[in-house]
Structure formats: C-alpha cells, structure tokens
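K.L.:
test case, fold it:
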Amino acid sequence: RPGQAANVIAELPGAGTGTETIYVGAHHDTQADTPGGDDNASGTVILLEIARLLAERPRRRTIRLIAFGAEEQLSVGSASYVRRHRAEVERDACFMLNFDSCGAALGWYEINGNGPAAMFELMRTAFRKHNREVKITENLVPYTDQFPFLVCGVPGVWVSRRCCTAGRFWHHRRDDDLRHLDPAELALQAELAASVLDSLANAPEMPFDRTLPAAQKTAALAMWDDLYGGFTP
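P.N.:
Predicted coordinates for the structure are as follows:
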C-alpha cells in the first residue's frame, strides 16, 4: 500500500573555504515482517556512532551523514536525494561511504565499490590497522545506496559483513534480530570509519582522484536509466 519515507540528514560543516563534501550513508528501513537487526539497524547504529565520534572534531571538508529511507524499494531515498541535489553532488561530492548489513557475529568483511585503486587501498589499510582483513570487489551493484552517487561520478564503497555464501540466511526474515549481531564489531567499524573520515576531511588534498573508468560509468548510467528511470523518471 502507499506509504511515505524520509531521509534523515546530519551535517558536520567543514571550516575550509572549499565546497568538497564527503558522504556517509546507511538505510534506516527494512523489509516487511522482519525486525531488521542486521539489515539495516547495524548500518544505522554505525552511522549514529560516527556522528557522535566526529561531532566535536575540527575538519576542512564537510561530512554529510544520511540515513536513507526506502532502500528496500530500490534505493528510493538515495535516488531521490541525488535527483534533488544532482548539481551539488556532481560538483562537490568526493567520496561516498555506505554501511549496509554490517553486524554479523560470525563472518568476514567485504567492500564493494567503484573508484580509483588508491581508494580501495586506503580502506584495506584502515581495516588492517584494526586487525581485520577485508575482501574487496569492484562489481557494479545497483541495489545499494551508493549507486545513485556513482551515477553522478562519485567514487564510493559499500561496507558489509558476510556470514554465508549459500544456504539459510536470516536477512528479510523474522529472525533478523540482535541474536545474530556482534556489538564489538559494530563499534570497531564506527571507530575505523571515523578515523578514515577524519583523515579525509582534514587532508590538504584528497588522497585519491574523483575518477571512474569510462566503461563503468557508461554501464552504471545504463542501469540507472533501466532500473531507476533516470534522473527524471
């Protein structure tokens, strides 16, 4: 049935004279008939903790944190944001860090994203500093909240914690609850992300280019038009 959803935005303003903005996201909705513990209360609580950790720190670049609505309906919240703020995103956004399904008590970390090699190496180094390994893939995935930003040319990554490659999985089920989550891993990710964001927000220059392979951007735009209806659906 028809319903309403909302994006919730918190901005940590930068003190520099430029307009570069770093985006951090997680969707706050879930599927019907599930408590949504991992998908995606886990990402939402990481987003809140990042905001708490960074709120009082000085920074050059603005950090904008967004809890997106209606991701489960094909990233409606993030797509709506990008459509409404397209010119600003294309001009100012320099990185998008997205958290979705991050809390599995048993499992491994994965990063999927699109952007320059230096971006992935920065993330790998951050995980290793926290004594964690991470699997990195560079697939085009149109079903996550960083995808609409990718269409605008913004490099970004989706952080998740996987627990199975096949078989029974509790996402989108009634048993996606706190029993399956590890609060210590959630805290670690928030601390890791805060460290990365603090470094990026205060660097004299971003440590990686805002570039995407031409073939990837062409394929992403085709998916955007086909699945989302483009910028003016």
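
K.L.:
buried residues in stretch 98-105?
P.N.:
Within stretch 98-105, the residues that count as buried by 16 or more other C-beta atoms under 10 Å are 98-104. The C-beta positions use only the backbone N, C-alpha and C, and glycine is treated the same way.

K.L.:
should've said stretch 14-29
P.N.:
Applying 16+ other C-beta under 10 Å to stretch 14-29 flags 14, 20-29 as buried.

K.L.:
output that stretch as CSV, nothing but the C-alphas.
P.N.:
Only the C-alpha atoms of stretch 14-29 are listed here, as CSV (Å, rounded to 0.1, in the frame of the first residue of the first chain):
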residue,chain,number,x,y,z
GLY,A,14,33.9,22.0,7.2
ALA,A,15,35.9,25.1,8.2
GLY,A,16,37.7,25.3,4.8
THR,A,17,36.8,27.6,2.0
GLY,A,18,36.0,24.9,-0.5
THR,A,19,32.8,23.0,-1.1
GLU,A,20,34.1,19.5,-1.2
THR,A,21,31.7,17.1,0.7
ILE,A,22,32.2,13.6,2.0
TYR,A,23,29.0,11.5,2.2
VAL,A,24,28.3,8.7,4.7
GLY,A,25,25.1,6.6,4.4
ALA,A,26,23.1,3.8,5.7
HIS,A,27,19.4,2.9,5.2
HIS,A,28,17.1,3.0,8.2
ASP,A,29,14.3,0.9,6.7
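
K.L.:
ok now it, how far from the chain's centre?
P.N.:
Offset of stretch 14-29 from its chain centre (C-alpha atoms, centre = their mean, to the nearest Å): 11 Å.

K.L.:
over to stretch 149-164?
P.N.:
Offset of stretch 149-164 from its chain centre (C-alpha atoms, centre = their mean): 6 Å.

K.L.:
for that stretch, measure first residue to last.
P.N.:
Counting by C-alpha to C-alpha, to the nearest Å, you get 28 Å between the two ends of stretch 149-164.
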